[in-house]
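Visitor: Coordinates only, no sequence provided:
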């Protein structure tokens, strides 16, 4: 019996690859280390229309991505267990408050419990829409494997840029300015 437990643990580690992004050990990473964007998911390509989705916001109201067309959208993915997200969401909040007449900001939970996401954004003072991907539909459709990841979408719904791990205002301003000037 004492041999079965280590063998079962070894089998689990080798089949899972240690690539569990659901908690702090893999937070914001692929395989426990920082991942270049090309490894973070290739389900959505720059220059292509972003696949539509419908998710509920924190009040339980449905929000359809395509209903946001007509304005540029900055779409970011976060989780309460993601340390870089604690830095990124306030940066996006500041930019959105300053330029809310120019773009729409939206955050989508990633592999997180709804109550944890809700508390997280409340604690950070996020006031732009927050959507709950409780069944990982959008995560899977977009082939996301790490966060924070931010998509810059033009007014026609076309992905113009995507950035993995924005944690400073300077890192946000360049792709945001390009989106808003294009």
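Guide: Yep, it's here. Please read all numbers here as calculations on a predicted model, not as lab measurements.
Visitor: So the closest residue to residue 167 other than its chain neighbours versus residue 182, what's the distance?
Guide: In space, and not counting its chain neighbours, residue 167 is closest to residue 87: 4.2 Å by CB to CB, 6 or more residues apart in numbering. In this view, the C-beta of every residue, glycine as well, is placed from N, C-alpha and C. The spacing between residue 87 and residue 182, counted by CB to CB, to the nearest Å, is 26 Å.
Visitor: do residue 70 as well
Guide: 15 Å.
Visitor: what do you get for residue 159?
Guide: Residue 159 is 12 Å from residue 182, by CB to CB.
Visitor: Give me the residue ranges of the chain where confidence is low.
Guide: 1-42 (pLDDT under 70).
Visitor: quick one, strands of it?
Guide: Here the chain has its strands, by DSSP state E, at 54-57, 62-64, 73-78, 104-109, 130-132, 149-153, 159-164.
Visitor: ok, residues contacting the last one?
Guide: Read it as strand 159-164. By CB atoms under 8 Å, 6 or more residues apart in numbering, the list of residues contacting strand 159-164 from outside reads 35-37, 40, 44-50, 146, 148-154, 171, 175, 178-179, 182.
Visitor: Selecting buried members of those in PyMOL, what would you type?
Guide: Those of these that count as buried under 16 or more other CB atoms under 10 Å are selected in PyMOL with:
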select buried, resi 35+40+44+50+146+148+149+150+151+152+153+154+175+179
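Visitor: Let's see which of the contacts of strand 159-164 end up in helices.
Guide: 171, 175, 178, 179 (DSSP state H).
Visitor: What sits closest to the last one if chain neighbours are left out?
Guide: The reference is to residue 179. Nearest to residue 179 is residue 152, by CB to CB, 6+ apart, at 4.4 Å.
Visitor: Please go through the protein and pick out the longest helix.
Guide: Assigned via DSSP H, the chain shows its longest helix as helix 83-99.
Visitor: elements contacting that one?
Guide: strand 73-78, strand 104-109, helix 114-124, helix 169-181 (3 or more CB pairs under 8 Å, 6 or more residues apart in numbering; DSSP states H and E).
Visitor: Can you convert the ones you listed into CSV and add a column each for distance to residue 137?
Guide: Shown next, in CSV, are the helices and strands packed on helix 83-99 (distance: least, CB to CB, whole Å):
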stretch, distance to residue 137
strand 73-78, 13
strand 104-109, 10
helix 114-124, 14
helix 169-181, 25
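Visitor: I'd like the strands of the chain laid out as TSV, including distance to residue 124.
Guide: Below are the strands of the chain laid out as TSV (distance: least, CB to CB, whole Å):
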stretch	distance to residue 124
strand 54-57	16
strand 62-64	20
strand 73-78	9
strand 104-109	10
strand 130-132	10
strand 149-153	15
strand 159-164	19
